[in-house]
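Q: give the three-dimensional model of this entry:
(one chain, ligands or ions: 2)
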Amino acid sequence: MVRTAVAFCPGHISGYFKKVAGETPETTGSLGAGIVVDEGVRVTASAADRPCVVIRQVDGRGRTLSESTGAPPVEYLMTELGVAARVETTCHLPIGSGFGLSAAALLASATALDALFDLGLGREGVAALAHRAEVVHNTGLGDVAACQGGGVVCREGPGTAGARITRVMTDETVHALSFGPLPTPEVIGSPEQLARVAAAFPPECPRDFAEFFSFSRAFAEKSGLVRPEVRAALDACDEAGVPASMTMLGLGVFAAGEGAGEVLAGFGDVYPLSVAEEGFRLVEVRES
Ligand SMILES: Nc1ncnc2c1ncn2[C@@H]1O[C@H](COP(=O)(O)OP(=O)(O)OP(=O)(O)O)[C@@H](O)[C@H]1O
Ligand SMILES: CC(C)(CO)[C@@H](O)C(=O)[O-]
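A: Ligands and ions are numbered 1, 2, ... in the order given. Modelled structure (predicted):
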């Protein structure tokens, strides 16, 4: 009999953020706001002789577009837990493009490993471990905290333990477009870039979806992160009266409201996304 655990975690589009450098990974992270989206990473895990991670990118119909092996942050989870499994991650959204997929892969993997080996971590233990893996590998700061639940999310403290996190639910559709990756470590590892980001950070949480867009856009403009291709798509959204901003951290744009999908379609493949109602979760444990 082979036991397989399946878990899912939604992605997260960060609209604005500010790094908090604590003394430990637990107290390090970011403040900020973003949207937890219904597409993310699905993980299947089964016991193996040694740790192995397979990353699969699929198209809209679930057909495999590419496959690679090895993911240091996910392997770190297994080392920390003292377990060995074959972990397969599947996603449709592009990796490294501001959809928080490293955090989604970590939360879904830790959830699946917890169930597979009956480790008793629980939701808080899973989130704490996934957050530590992100911070140790410099692959993200606030996405794990965000993906503990759904909605338009505002984080007023770093990390997953005790930070004030508020969520606004909405049935709006978000349209996202990616021109390619903007490697997270390049930005969050640069003191100059982080200083500009900190100076651009809005001090309050958005009250609603519209305010989330206006805060995000003001941040994007002041942060110095907008590149020419992103600028062209933002200008087109402005002309059409469509609220839009830049995906943090990716060379991409997200927009909402009437006409958003049509305007972005002029620039590339658009992902229509719903705001997620819930965060990471175990899907099933099956024996075959
Ligand atoms: N879907 C995935 N499955 C397994 N590992 C992943 C996945 N996505 C990211 N990773 C791991 O995290 C590393 C860093 O990913 P990165 O932070 O660039 O992606 P991201 O989280 O999608 O981007 P962003 O932080 O800009 O939203 C990858 O090199 C890989 O090791
Ligand atoms: C740093 C970041 C913008 C991208 O990974 C995100 O993790 C966040 O909002 O902290």
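
Q: got the contact list for Glu23?
A: The neighbourhood of Glu23, defined by CB atoms under 8 Å, 6 or more residues apart in numbering, contains no residues. (Each C-beta comes from the backbone N, C-alpha and C, glycine too.)

Q: could you confirm it falls within a helix?
A: No. Counting by DSSP: H, G, I helix; E, B strand; the rest coil, Glu23 is not found in a helix; it is coil.

Q: is Gln193 in contact with Val187, as I believe?
A: Yes. Look at Gln193 against Val187 with CB atoms under 8 Å: they come within range, at 5.2 Å.

Q: what do the two both touch?
A: Leu225.

Q: could you show which parts of this protein are in contact with ligand 2?
A: Counting by CB under 6 Å from any ligand atom, the chain comes close to ligand 2 at 14, 17, 30, 32, 34, 140-143, 184, 188, 248-249.

Q: list the beta-bridge partners for Val152.
A: For Val152, the beta-bridge partners under DSSP bridges are Ile35, Val168.

Q: what residue is smack in the middle of the protein?
A: Gly100 (1.8 Å; CA atoms, centre = their mean).

Q: ok, it - contacts?
A: Gly100 neighbours (CB under 8 Å, 6+ apart): Gly11, His12, Ile13, Ser14, Gly34, Gly140, Asp143, Ala146, Cys147.

Q: helices of the stretch 101-250 of the chain, residue ranges please.
A: 101-116, 122-137, 143-146, 184-188, 191-200, 209-223, 228-239 (DSSP state H, counting those that start in this stretch).

Q: quick one, the second one and helix 101-116 angle?
A: Interaxial angle, helix 122-137 versus helix 101-116 (axes from the mean of the first three to the mean of the last three CA atoms, to 10 degrees): 140 degrees.

Q: is ligand 1 within reach of helix 122-137?
A: No. Helix 122-137 lies out of reach of ligand 1 by CB under 6 Å from any ligand atom, never closer than 6.8 Å.

Q: tell me which other helices or strands that helix touches.
A: helix 72-81, helix 101-116, helix 143-146 (3 or more CB pairs under 8 Å, 6 or more residues apart in numbering; DSSP states H and E).

Q: could you give the bridge partners of Val41?
A: Beta-bridge partners recorded for Val41 (DSSP bridges): Cys9, Cys91.

Q: on the pLDDT front, check Met1 for me.
A: Note for Met1: predicted pLDDT of 89.

Q: same question, Glu23
A: pLDDT, read off for Glu23, is 97.
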